[in-house]
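Chemist: structure for this input, please:
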Amino acid sequence: MRRFAPLAALAAMLPACSPLGLVDALTPRDGYRLDADLPYGPLPRQRLDLYRPDRPKPGAPTVVFFYGGAWEFGDKGDYRFVAQALAARGYTVAVPDYRLYPEVRYPAFLEDGASAVDWLRRGGAGLGVSGAPLALMGHSAGAYIAVMLTVDRRWLNAVGGDPCATVAATVGLSGPYDFLPLTERNLMEIFGPEDGRPQTQPVTHVDGRSPPLLLLTGDADTRVRPRNSASLAGRVRERGGRAETVVYPGLGHVQTVAAFARPLRWLAPVLDDVDRFLGSPRPGSCTAS
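Modeler: A predicted model of the protein is given here:
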């Protein structure tokens, strides 16, 4: 596990959530081709944006990025800055919307995530992603989706896939992976009766045979405590799997994803760490337990 020097100016510059509109305005609009609002399912929220780089990196996986928002809010268009950063490194990037509370509850957002991944696995309507390995990535609630699709085979199996055959690697940014007991009313409603909640936790489903994980977090995160990443990584390693963690001192919950934006990359080398990690695994790189 690596740590980086504290960032003294961070709290003053980003006390809560940096305005996504400002970040978008400062994000370059060249270097990629955007295919927007592609339907991966029949429902209004089952749409994704696909960013294809002008200069693809040979052998690079297609990255499926799930944004956060406490399973209650979010829009794919607000995360162009993440897609642009990765596209500039040669990655094709898909950013799906998914259904949210109160319209749905667990596990509908996992089912939507699996459907988006399966749509891409099957060729993405002929948009040039067929045959490419897929890497899953997410921030906060989106990291939960990415990791659950990786460690809990039920969701990809239900659409005819399998994590070991479909997913080359998974990256979680400030994700909740081991967050019982629930104390917030909305989360209690989202994740259902107490006796079923252990099955909603990524740590419950670890068997050491999932694709490799990179778990990034900040030690100043008071929304999703860094112990979530430590707990999941520890469980994966105990079972013989591969999980790497990076903790950024001074970084809070939002800043791990904000650091993808070009004006904010000085916060921490999140983009470099993700790029390095995605270049190392290969399809079918599950570890036998």
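
Chemist: with only the CA atoms kept, save stretch 54-65 in PDB.
Modeler: Extracted C-alpha coordinates of stretch 54-65, given in PDB (Å, rounded to 0.1, in the frame of the first residue of the first chain):
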ATOM      1  CA  ASP A  54      -8.600   9.300 -31.400                       C
ATOM      2  CA  ARG A  55      -5.400   7.400 -30.500                       C
ATOM      3  CA  PRO A  56      -6.400   4.000 -29.000                       C
ATOM      4  CA  LYS A  57      -3.900   2.200 -26.900                       C
ATOM      5  CA  PRO A  58      -3.200  -1.300 -28.400                       C
ATOM      6  CA  GLY A  59      -4.700  -4.000 -26.200                       C
ATOM      7  CA  ALA A  60      -6.300  -1.600 -23.700                       C
ATOM      8  CA  PRO A  61      -9.600  -2.600 -22.100                       C
ATOM      9  CA  THR A  62     -12.800  -0.700 -22.600                       C
ATOM     10  CA  VAL A  63     -13.500   1.000 -19.300                       C
ATOM     11  CA  VAL A  64     -17.000   1.000 -17.900                       C
ATOM     12  CA  PHE A  65     -17.300   3.800 -15.400                       C
END
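
Chemist: outside of it itself, list whatever touches it.
Modeler: The contact list for stretch 54-65 (CB atoms under 8 Å, 6 or more residues apart in numbering) reads 30-33, 79, 82-83, 86, 89-96, 116-117, 120, 129, 132-138, 142, 146, 168-169, 278-279, 283. Yep, even glycine has a C-beta here, placed from its N, CA and C like the rest.

Chemist: so of those, which ones are in helices?
Modeler: Residues of these located in helices (DSSP state H): 82-83, 86, 116-117, 120, 142, 146, 278.

Chemist: most neighbours among the residues you listed, which one is it?
Modeler: Taking other CB atoms under 10 Å as the neighbour criterion, residue 142 ranks highest of those with 30 neighbours.

Chemist: so that residue touches residue 67, yeah?
Modeler: Yes: Residue 142 is within contact range of residue 67, at 4.8 Å (criterion: CB atoms under 8 Å).

Chemist: overlap in contacts of these two?
Modeler: Residues touching both residue 142 and residue 67 by CB under 8 Å, 6+ apart: residue 74.

Chemist: hey, which helix or strand in the chain has the poorest pLDDT?
Modeler: Lowest by mean pLDDT, DSSP states H and E among the helices and strands of the chain is helix 10-13, with a mean of 39.

Chemist: so residue 104: helix, strand or coil?
Modeler: What DSSP: H, G, I helix; E, B strand; the rest coil gives for residue 104 is coil.

Chemist: how many other residues sit next to residue 222?
Modeler: 9.

Chemist: can you map out the helices along the stretch 101-250 of the chain?
Modeler: Under the criterion DSSP state H, counting those that start in this stretch, helices of the stretch 101-250 of the chain are mapped to 108-121, 141-151, 154-157, 163-166, 185-191, 227-238.

Chemist: residue 199 and residue 213, how far apart?
Modeler: The span separating residue 199 from residue 213 equals 20 Å under the rule CB to CB, to the nearest Å.

Chemist: more neighbours, those two?
Modeler: residue 213 (28 against 14).

Chemist: got the contact list for that one?
Modeler: 147, 150, 169-172, 232-233, 236, 241-244.

Chemist: would you mark the buried spots in stretch 256-271?
Modeler: For stretch 256-271, the neighbour count (16 or more other CB atoms under 10 Å) marks 256-261, 264, 267-271 as buried.

Chemist: for those, please prepare JSON lines with the additional fields distance to residue 189 and pLDDT.
Modeler: Formatted as JSON lines, those follow (distance: CB to CB, whole Å; pLDDT from 0 to 100):
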{"residue": "256", "distance to residue 189": "27", "pLDDT": "97"}
{"residue": "257", "distance to residue 189": "26", "pLDDT": "97"}
{"residue": "258", "distance to residue 189": "29", "pLDDT": "95"}
{"residue": "259", "distance to residue 189": "32", "pLDDT": "96"}
{"residue": "260", "distance to residue 189": "31", "pLDDT": "97"}
{"residue": "261", "distance to residue 189": "33", "pLDDT": "95"}
{"residue": "264", "distance to residue 189": "34", "pLDDT": "94"}
{"residue": "267", "distance to residue 189": "34", "pLDDT": "96"}
{"residue": "268", "distance to residue 189": "34", "pLDDT": "97"}
{"residue": "269", "distance to residue 189": "38", "pLDDT": "98"}
{"residue": "270", "distance to residue 189": "32", "pLDDT": "98"}
{"residue": "271", "distance to residue 189": "35", "pLDDT": "98"}
